[in-house]
Structure formats: C-alpha cells, structure tokens
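Engineer: The following comprises the amino acid sequence and a computationally predicted model.
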Amino acid sequence: MQSNDLLLDAFGRIRETVAATLDGVDGETLLRRPAGNGNSMAWLIWHLGRVEDAQLASAAGLEQVWTAQGFAGRFNLPLPERDTGYGHSTEKVDAVKVPPELLVEYYDAVHRQTVTFLETLADADFDRIVDTRWDPPVTLGVRLVSTIADCLQHVGQAAYARGLNPARAD
C-alpha cells in the first residue's frame with residue numbers, strides 16, 4: 001500500500017462520517033449549541049470543510065472549492081469570503097445557519113478535490129515543504145496528517161452534538 005492510499009482511506013472516513021452525521025438531522029439539532037455555547041453541528045461541519053478545502057487547495061496550488069464552485073455565494077454567510085472559522089466568536093458561530101444538504105454538497109465537492117489531488121502523489125511528494133511560516137517548515141505529509149486530525153476531531157464533535165438531542169433514539 002502506498003502512502004496516498006492510506007490518506008485516501010483516512011479522508012474517505014471523514015466523508016463517510018460527515019454524511020452519516022448529517023443524514024436525517026433536523027434543523028433544531030443542526031443549530032443547537034451544546035451547553036449553550038459550544039459549536040453547533042452546522043458550524044463544525046462547515047468549519048471542517050473549510051479547513052480541508054483551504055489546506056489542501058494551498059498545498060496543491062489550486063483554488064479553493066469554496067470560491068471556485070460558488071459555495072461562498074450559496075452559503076451567503078455574513079463572514080469574509082476566505083474565512084475558515086478559526087478564532088470565531090459566539091456571534092460568528094451563530095451566523096453559520098445552512099441546511100444539512102448544502103453542508104453535505106460542499107463537503108462532497110471538497111472531498112472530490114482532495115481525492116483528485118491525493119491520487120497524483122507519490123511517496124517522495126510528502127517531503128515537499130508547503131509552509132515556511134513554521135519552525136521547522138511544514139511538509140506536505142505533515143500538513144495532510146494535521147488536516148485529517150483536525151477534521152476527524154470536528155466531525156466527531158458534530159456526531160456527539162447530534163447525540164445530545166433527547167428526542168432522537170440514535
């Protein structure tokens with residue numbers, strides 16, 4: 001198995017979990033903020049999509065799906081177009097109000113771009129420096145693993161938030 005095969009599997013698991021977490025979710029559950037101030041499912045799924053989109057597009061030298069495919073306009077959020085959610089205030093978390101179908105559509109488009117990029121990689125590509133702002137500089141391999149870790153945490157948080165709905169048996 002090649003390294004990119006492992007990464008394809010990992011990113012595929014994120015996609016599967018996003019779809020399963022949003023399947024049949026109602027609007028109230030999607031927007032509920034655990035303990036009144038936690039991140040909503042809508043925000044978590046939007047944010048993990050934005051993180052993967054921004055990180056992979058930058059590493060691959062591609063335009064983000066968010067802008068290239070018109071999702072920024074379709075989401076119509078009162079946020080800067082390049083916003084990914086880092087450091088959001090409670091008001092900005094509340095601003096992410098979109099239907100689950102649009103969240104799935106956006107994440108699926110991001111996932112397709114991720115897969116297309118990963119399929120082009122050979123093991124030697126993972127040592128390429130993609131970010132010199134850190135010490136040590138960040139390689140492509142490290143960036144991909146950190147993106148996976150971040151996205152898995154957030155989709156897990158969204159699944160947990162869904163399970164907090166007392167009206168649901170799942």
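Structural biologist: Received, thanks. What you are looking at is a predicted structure, and each value in this text was computed from that prediction instead of being measured.
Engineer: where exactly do the helices run in the protein?
Structural biologist: With DSSP state H as the criterion, the chain has helices at 3-22, 27-31, 41-60, 65-68, 71-75, 90-95, 100-118, 140-163.
Engineer: Pull out the buried positions in the shortest one.
Structural biologist: Going back to what we said before, that points to helix 65-68. Going by neighbour count (16 or more other Cβ atoms under 10 Å), the buried part of helix 65-68 is 65-66. Glycine gets a C-beta too; all of them are placed from N, C-alpha and C.
Engineer: quick one on the thing from earlier: buried deepest among the helices of the chain, which one?
Structural biologist: With neighbours taken as mean count of other Cβ atoms under 10 Å, these reach their highest mean count in helix 41-60, at a mean of 24.
Engineer: Stretch 64-80: how far from the chain's middle?
Structural biologist: 14 Å (Cα atoms, centre = their mean, to the nearest Å).
Engineer: To Phe126, which of the helices of the chain lies closest?
Structural biologist: Of all these, helix 140-163 sits nearest to Phe126, with 3.3 Å by Cβ to Cβ.
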